[in-house]
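Trainee: Here is the input, now give the coordinates:
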Amino acid sequence: MAVRHISELESQAIEFMRGRLSRPIALATTTLNLIGELVNLDTPAKLQKAQNVRLLLLERLQNDLRACWILAERGYPLQAAGHAAGVYEAWVNIAAIGGEAAALKWLSHGDERTSFGQVKALTRDAIEEILGRSEPETVKSIYSQYGQLCMPKHLNPIVERLRGYRVQRGEITFTQGPDTSELAVAHGWYSLERGSRFAFFGIVAFVHNEASPLTSATRSDLDKLHADLEALQRESMRLWPESYSRPRQESVVASKVKETE
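Mentor: Residues are numbered from 1 along each chain as shown. Next up, the predicted model:
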């Protein structure tokens, strides 16, 4: 039997996965476009260091979400999850750059063995900064979702032993290239839904720290995206309830965009 080229397999995967992932793909697109609006808003000729760093991180977040989308629709959902985890890391870093001192610390970071901060600590600080109070349960809820995205990123056996093969008539066949199984659809949906959700948190953190007021049009776009993400999360919970243990606490963070001036 002739071996099909990987590009042919990916083309078939795209056609299939775009149909199954149409809802999370649509919201990922909206989120990406909204980030583009924020990055391209009128800015002073000379930016403060904190603004520069936040814009750099927001652009990185945008690219990670786009990479997540590309991989999910091509049948590589576990790789997509890795980029969704990158989106999470970007949003907590954006939240950490609240002023010039933090920006200078970020810019002067010179240790290639460590990141700017531990993700769990950055999550705690981000929640406290945005909400104005300590929320241990919210931190636990949101960080647990990051942990789920990191499982495929770090080749956790719980994830790996469920993929990469099929059994027919008692015989096992190892599969290569794109995965369009039902499990792959679930992983791809989860990666896109969580990636878009955490990208929105990044937008909330960015807006929270910027002095420039939002235009009425941009605020309206944010409100609509928030509502659509809430609806998608409810649908995700219905489909895969085991993956969404504490969504209520996450909504508290997302809703703070309404209070940002």
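Trainee: Determine how far stretch 68-81 lies from the middle of the whole chain.
Mentor: 12 Å (C-alpha atoms, centre = their mean, to the nearest Å).
Trainee: List of residues touching it?
Mentor: 9-10, 13-14, 16-18, 21, 24-25, 28-29, 32, 67, 83-84, 87, 149, 151-153, 159, 163, 177-180, 184-192, 195 (C-beta atoms under 8 Å, 6 or more residues apart in numbering). For every residue, glycine as well, the C-beta is placed using N, CA and C.
Trainee: Need the buried ones from those residues selected in ChimeraX.
Mentor: In ChimeraX syntax, the buried subset of the contacts of stretch 68-81 is picked out as below (16 or more other C-beta atoms under 10 Å):
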select :9,10,13,14,16,17,21,24,25,28,32,67,83,84,87,149,151,152,153,159,177,178,179,180,184,185,186,187,188,189,190,191,192,195
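Trainee: could you pull out the helices for the stretch 51-200 of the chain?
Mentor: 77-96, 100-108, 119-131, 136-153, 157-160, 182-209 (DSSP state H, counting those that start in this stretch).
Trainee: which residues does the residue nearest the centre of the chain contact?
Mentor: By C-alpha atoms, centre = their mean, the chain has its centre lying nearest to residue 195, at 2.1 Å. If you count contacts by C-beta under 8 Å, 6+ apart, residue 195 has them with 28, 64-65, 68-69, 80, 83-84, 87.
Trainee: Tell me the one among these nearest to residue 241.
Mentor: residue 84 (19.3 Å; C-beta to C-beta).
Trainee: before we move on, the earlier item: got the contacts of residue 195 as a markdown table, with distance to residue 203 and pLDDT columns?
Mentor: Output for those, formatted as a markdown table (distance: C-beta to C-beta, whole Å; pLDDT from 0 to 100):
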| residue | distance to residue 203 | pLDDT |
| --- | --- | --- |
| 28 | 13 | 97 |
| 64 | 14 | 98 |
| 65 | 11 | 98 |
| 68 | 16 | 98 |
| 69 | 17 | 97 |
| 80 | 20 | 97 |
| 83 | 17 | 97 |
| 84 | 15 | 97 |
| 87 | 11 | 98 |
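Trainee: from those residues, which is closest to residue 108?
Mentor: Closest to residue 108, out of all of the contacts of residue 195 and judged by C-beta to C-beta, is residue 64, at 23.9 Å.
Trainee: Check the burial of that closest one by counting its neighbours.
Mentor: 23 (other C-beta atoms under 10 Å).
Trainee: ditto for residue 69
Mentor: With other C-beta under 10 Å as criterion, residue 69 counts 25.
Trainee: rewinding a little: turn the contacts of residue 195 into JSON lines, including distance to residue 229.
Mentor: Shown next, in JSON lines, are the contacts of residue 195 (distance: C-beta to C-beta, whole Å):
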{"residue": "28", "distance to residue 229": "10"}
{"residue": "64", "distance to residue 229": "17"}
{"residue": "65", "distance to residue 229": "13"}
{"residue": "68", "distance to residue 229": "15"}
{"residue": "69", "distance to residue 229": "15"}
{"residue": "80", "distance to residue 229": "18"}
{"residue": "83", "distance to residue 229": "18"}
{"residue": "84", "distance to residue 229": "14"}
{"residue": "87", "distance to residue 229": "13"}
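Trainee: still on that earlier bit, which one, of the helices of the stretch 51-200 of the chain, ends up nearest to residue 4?
Mentor: Using C-beta to C-beta, the nearest of the helices of the stretch 51-200 of the chain to residue 4 is helix 182-209, at 17.8 Å.
Trainee: and that closest one, how far from the chain's centre?
Mentor: For helix 182-209, the distance to the chain centre is 3 Å (C-alpha atoms, centre = their mean).
Trainee: With stretch 199-219 instead?
Mentor: Using C-alpha atoms, centre = their mean, the offset of stretch 199-219 from its chain centre is 17 Å.
Trainee: Quote the end-to-end distance of it.
Mentor: Stretch 199-219 has an end-to-end distance of 16 Å (C-alpha to C-alpha, to the nearest Å).
Trainee: Kindly report the same for stretch 110-127.
Mentor: With C-alpha to C-alpha, one end of stretch 110-127 sits 26 Å from the other.
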